[in-house]
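Participant: with the input below, show me the fold.
(2 chains)
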Amino acid sequence: MIIVKDLSVERLDKRIFENINLSLASSDITILKGNNGSGKTTLLKTILNIIEPSVGSIYWKGKLLKKNLYDFYSNVTYIADRTSSLTRLTVKDNINIWKKIFLSNINDSQIETALKTLRLENYLNQKVGRLSLGETKKLELLRLIIENKKLWILDEPLSNLDEHSIELIKQTFEDHCSKDGSIIFSSHQNPGIYVTEEINL
Amino acid sequence: MKFLNKIIFFFYREYKLNLSGFQDILTNIIFFFVSILIFIFSIGPDEEVISLIGVGIVWALLLLSSTLSLKKFYQDDFENGNLLIIHLNGFSFGFIAILKTISHFLFVQIPFLLSIPIACIILNISDDKFFYLLTSFSMGSLTLSCLGSISSSMNLMNHRNYLLGSVIVMIFSVPIIIFSIGIINIEQNFNSLINILFGILLIVFAINPWASGLCLKLSLENN
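Facilitator: Presented below is the predicted three-dimensional model:
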């Protein structure tokens, strides 16, 4: 699915990371581990073609990523470490906007089930700005189900989550991989999620 | 068809966002009218003088008021990562710039356009001048939105001095004001001056996606 070859990134004459190799097939999960400032987010953004690598290349479905960018973007969901939910709007408004702009086929009962599982069903009419950090993170992760794409690229998806939510994430990852999906995520530690490759930065 | 739907729903998102921040737009309009009143109080009750310089006052205040909203042009979407998500949804940075400019024109400049008639009544501006003012502003405001897009995207990389963006817009809007006021004062040259304004609009509209798109890409890269 995605292959990263000898990737190095330099910013302001400072080497962030070098010689990163990664190979992600269908149903694979790769974790990027490292301390704060080790370059996890930079690597994810380089894979997303936002940051230009100084050396190395990235391939998507056998072709250079840059030449296959539209297909790559139509198959990837990216969740950043900060919330992209619109804080001035309600949870319901945010979900409706996501459903519309991502042209999602998900129906209302599926959304309802997902909200119940995430224990967010009582916050539907509440403004996102009033939710706690953990609740906002869970709402953000709902985008994975709404977008329904093959490749998930997640930056610190487990931060601010309680044990129940982490268990849910583990389960969601397993479900996604059983449907031939793939995941790259960054985290300081791995709370028992089965991964096929671990990259230490 | 899918792409067209994405564009429609982008504007739906912008509409929802602007509706939730309606107080910001309202504050801009209140600023515009309060400034007009301050001008009237400082000039005095001479109707002829007010009517003579009224159009200039309206244009200058429209420019100042619309620059107030420039901070919100890209900043929120940039900080919460929505700019990146919209890009990953299949829109190039240049195309995002075009959509955001149209959105700024619809949700920020149109309310000003609607308040021009009231401003004209307050300043005792004649009907024919009102028509010329409306025509020049409807063209000039889209040019101002394009300039706003360029300066706001440049400002995403500037964390120290946010007023710089407004200063850039004001400097580049000098020709727009000169030609817009020219239309009103030299009515027989209406066609030639409106063509010049349209020409400026086309140039800025063509530069905008290229310049803003590049600035958006660079600021996301360096974020």
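Participant: list the helices and strands the longest helix that chain B contains packs on?
Facilitator: In chain B, ranked by residue count with DSSP state H as the criterion, the top helix is helix B:190-221. Helices and strands touching helix B:190-221, by 3 or more CB pairs under 8 Å, 6 or more residues apart in numbering or on different chains; DSSP states H and E, are helix B:75-79, helix B:82-88, helix B:93-104, helix B:127-155, helix B:174-185. In this view, the C-beta of every residue, glycine as well, is placed from N, C-alpha and C.
Participant: and it, what's buried?
Facilitator: B:190, B:193-194, B:196-197, B:200-201, B:204-205, B:208-209, B:211-217, B:219-220 (16 or more other CB atoms under 10 Å in any protein chain shown).
Participant: looking at the helices and strands packed on helix B:190-221, which is closest to A:Tyr59?
Facilitator: Of all the helices and strands packed on helix B:190-221, helix B:82-88 sits nearest to A:Tyr59, with 18.4 Å by CB to CB.
Participant: does the closest one reach chain A?
Facilitator: Yes - residues of helix B:82-88 are located near chain A by CB under 8 Å from any CB of the partner chain, namely B:82, B:84-88.
Participant: which other residues reach that helix?
Facilitator: Applying CB atoms under 8 Å, 6 or more residues apart in numbering or on different chains, the set of residues contacting helix B:82-88 from outside is A:48, A:50, A:73, A:76, A:78, A:80, A:84, A:86, A:101, B:10, B:74, B:76-77, B:93, B:96, B:216, B:220.
Participant: spatially nearest residue to residue 15, not counting backbone neighbours?
Facilitator: You didn't say which chain, so I picked chain A. Closest residue in space to A:Arg15, ignoring its immediate chain neighbours: A:Ser8 at 6.8 Å, by CB to CB, 6 or more residues apart in numbering or on different chains.
Participant: actually, chain B is the one I wanted.
Facilitator: Computed as CB to CB, 6+ apart, the closest residue to B:Tyr15 that is not its neighbour in sequence is B:Phe107, at 7.3 Å.
Participant: which stretch of helix or strand covers the residue most central in space within chain A?
Facilitator: Residue closest to the average C-alpha location in chain A (CA atoms, centre = their mean): A:Leu154, at 2.2 Å. In this assignment (DSSP states H and E), A:Leu154 forms part of strand A:151-155.
Participant: for B:Val58, same thing?
Facilitator: helix B:47-68.
Participant: ok, the residue nearest to the centre of chain A - contacts?
Facilitator: A:78-79, A:183-186.
Participant: just B:Gly81 next, same as before
Facilitator: Per CB under 8 Å, 6+ apart, neighbours of B:Gly81: A:80, A:82-84.
Participant: swap the cut-off to 7 Å and go again
Facilitator: B:Gly81 makes contacts with A:80, A:82, A:84, as judged by CB atoms under 7 Å, 6 or more residues apart in numbering or on different chains.
Participant: including secondary structure, could the residues you listed go into a markdown table?
Facilitator: As requested, the contacts of B:Gly81 are exported to a markdown table (DSSP: H, G, I helix; E, B strand; the rest coil):
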| residue | secondary structure |
| --- | --- |
| A:Ala80 | coil |
| A:Arg82 | coil |
| A:Ser84 | coil |
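Participant: flag the least confident of these.
Facilitator: Lowest in pLDDT among the contacts of B:Gly81 is A:Arg82, which has 83.
Participant: what are the structural domain limits within chain A?
Facilitator: As assigned by automatic domain parsing, chain A contains the domains A:1-75+A:150-201, A:87-148.
Participant: chain center to stretch A:168-177, what's the gap?
Facilitator: Chain-centre distance of stretch A:168-177: 13 Å, with CA atoms, centre = their mean, to the nearest Å.
Participant: give me the contacts around it.
Facilitator: Outside stretch A:168-177, the residues within contact range by CB under 7 Å, 6+ apart are A:27, A:29, A:117-118, A:141, A:152, A:157-158, A:161, A:183, A:193.
Participant: change it to 10 Å
Facilitator: Residues outside stretch A:168-177 that contact it (CB atoms under 10 Å, 6 or more residues apart in numbering or on different chains) are A:26-29, A:114, A:117-119, A:137-138, A:141, A:144-145, A:148-152, A:154, A:157-158, A:161-162, A:181-183, A:185, A:191-196.
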